[in-house]
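Asks: curious how this folds, go ahead:
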Amino acid sequence: MSEPLVLVASEGPVRVLTLNRPAQLNSFTAAMHAELLPALQAAADDAAVRAVVLTGAGRGFCAGQDLADPAMAAPAGHAPDVAAVVERHYKPLALRVRTMPVPVIAAVNGVAAGAGANLALGCDLVVAARGASFIQAFSKIGLVPDCGGTWLLPRLVGRANALALTLTGDKLPAADAKAMGLIWQVVDDAELMSSALALAQRLAAMPTRALAATRRALDESLELDYAQALSLEARLQGELGRGHDFAEGVSAFLAKRAAVFKDR
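Replies: Model (predicted):
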């Protein structure tokens, strides 16, 4: 039997998903999508999972779409239906990552190119190895960024930087990505997984439901005016204020003890 294209492991409350086509720098195929999306859904459905780490096997995180994949094939004389590939695979993947009920950390261990870069950037926090890099490779093959890249990039680094990254398709080293505000943290290559897992364990011990609601509030506020954002805050605070974690947090604060959060 062939090896799974997505390796699934658990470190206590942390689910680790590893893209597993190392010889192809973990580039996407329809078969890999068929394993990754259900793996994310399984983590979302498992009440014991309180954080997810997404990484790649070998020397790359993900090189984007495998252009040799049969999903990109077309009858003679016809162009591949790239729109169908995006709608069928990348749109549901990006939406699932962005709406996970738990924090998602990308541990970028090497090159993250094309859709692979934007998959990482769509995660809540990106921890990159010092030797990692990010490439918006789409302009090199006559396409536009997908997997959420057109939405994410200008919000993360502004229009000027987003245009420079996408029009040139230049490689951006991890340290420069950090300096630009594109990613959260850069660590030594040998410390990547230990750093990502330590961060995931820290988040897993926090009020998970509130963390997911915080992501929602920040994302939705980008499309709201100030008064609407204040109303969204009130609605979310009302929901969270009726939960176990708020009562537990207040009780732990008053008793000067560590809180034990359970909501999800």
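Asks: alpha carbons only for contacts and neighbour counts from here, please
Replies: Fine.
Asks: my read: Gly131 touches Lys171, true?
Replies: No - counting by CA atoms under 8 Å, Gly131 stays clear of Lys171, with 11.8 Å between them.
Asks: quick one: Ile105 is in a strand?
Replies: Yes - assessed with DSSP: H, G, I helix; E, B strand; the rest coil, Ile105 lies in a strand.
Asks: I'd like to know how many residues surround it.
Replies: 26 (other CA atoms under 10 Å).
Asks: mind listing the residues bridging to it?
Replies: For Ile105, the beta-bridge partners under DSSP bridges are Val53, Leu125.
Asks: who touches it in this structure?
Replies: Contacts for Ile105 (CA atoms under 8 Å, 6 or more residues apart in numbering) come out as 51-54, 123-127, 196, 200.
Asks: repeat that for Asn161.
Replies: With CA under 8 Å, 6+ apart, Asn161 has these contacts: Pro154.
Asks: same thing but at 10 Å, please
Replies: Counting by CA atoms under 10 Å, 6 or more residues apart in numbering, Asn161 touches 153-154, 167, 180, 182.
Asks: in JSON lines: those residues, plus distance to Ala30.
Replies: Shown next, in JSON lines, are the contacts of Asn161 (distance: CA to CA, whole Å):
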{"residue": "Leu153", "distance to Ala30": "25"}
{"residue": "Pro154", "distance to Ala30": "28"}
{"residue": "Leu167", "distance to Ala30": "27"}
{"residue": "Met180", "distance to Ala30": "33"}
{"residue": "Leu182", "distance to Ala30": "28"}
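Asks: export those to a markdown table and tack on secondary structure?
Replies: A markdown table is the format used below for the contacts of Asn161 (three-state DSSP):
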| residue | secondary structure |
| --- | --- |
| Leu153 | helix |
| Pro154 | helix |
| Leu167 | helix |
| Met180 | helix |
| Leu182 | coil |
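Asks: among the residues you listed, which one sits closest to Arg98?
Replies: Nearest to Arg98 among the contacts of Asn161: Leu153, at 14.5 Å, using CA to CA.
Asks: and the closest one, how far is that from Lys91?
Replies: 16 Å (CA to CA, to the nearest Å).
Asks: the more surrounded of these two?
Replies: Leu153 (22 against 14).
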